[in-house]
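> Got a predicted structure here, sequence first:
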Amino acid sequence: MKTLYLFLLSLTLLVACNKVNDQAVVLERNCTGTYLQFNDKNYKVCNTDKTAPYEDGQTLTASFRKISDCPSDSGFICQMAFPYESWIEVKSIR
């Protein structure tokens with residue numbers, strides 16, 4: 001029983017670590033894509049439809065989760081290098 005409890009606790013913590021809820025972020029767009037800056041790191045937005053109504057440089061309150069890959073990524077748009085931590089899926093923006 002203890003093993004099951006520890007497993008469920010570990011799984012919950014692992015899943016929770018990939019989510020960021022209601023944090024102040026800065027929206028950044030360039031020719032390589034759309035990013036949210038959070039804690040001095042850039043995260044590339046997969047579902048850019050959620051960020052479409054907002055302007056570049058705008059500070060927003062967002063909830064998102066890290067994802068390993070973006071199926072809708074169209075590849076290279078320009079030849080500028082822009083480093084980022086990981087892909088994210090935006091859950092909500094206020």
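Structure received. Numbers count the residues shown, from 1 in each chain.
> and I93, what are its bridge partners?
I93 has these beta-bridge partners by DSSP bridges: A62.
> check contacts around it.
When contacts are counted by CB atoms under 8 Å, 6 or more residues apart in numbering, I93 touches 50-51, 54, 60-63. All C-beta atoms are positioned from the backbone trio N, CA, C, and that covers glycine.
> Same question for Q37.
25-28, 43.
> Quick check: it vs Q79, distance?
Per CB to CB, to the nearest Å, Q37 is found 22 Å from Q79.
> pull the helix or strand with minimum mean pLDDT from this protein.
Here the helix or strand of the chain ranked lowest by mean pLDDT, DSSP states H and E is helix 2-17, holding a mean of 49.
> I would like the residues contacting the next helix or strand after that one, please.
Downstream of helix 2-17, the first helix or strand assigned by DSSP states H and E is strand 19-30. If you take CB under 8 Å, 6+ apart as the criterion, strand 19-30 is touched by 34-38, 42, 51, 54-65, 78, 80, 82, 94.
> What of stretch 51-69?
18-29, 34, 36, 43, 45-46, 86-94.
> Buried by neighbour count, from the contacts of strand 19-30: which ones?
Buried by 16 or more other CB atoms under 10 Å: 34-38, 42, 51, 60, 62-65, out of these.
> Among those, which ones are in strands?
34-38, 42, 60, 62-65 (DSSP state E).
> Nearest to S72 among these?
Using CB to CB, T34 comes nearest to S72 of those, at 11.7 Å.
> thinking again about what came up before, go through the ones in strands among the buried ones among the contacts of strand 19-30 and name the one nearest D73.
Lowest distance from D73 to those (CB to CB) belongs to T34, with 11.4 Å.
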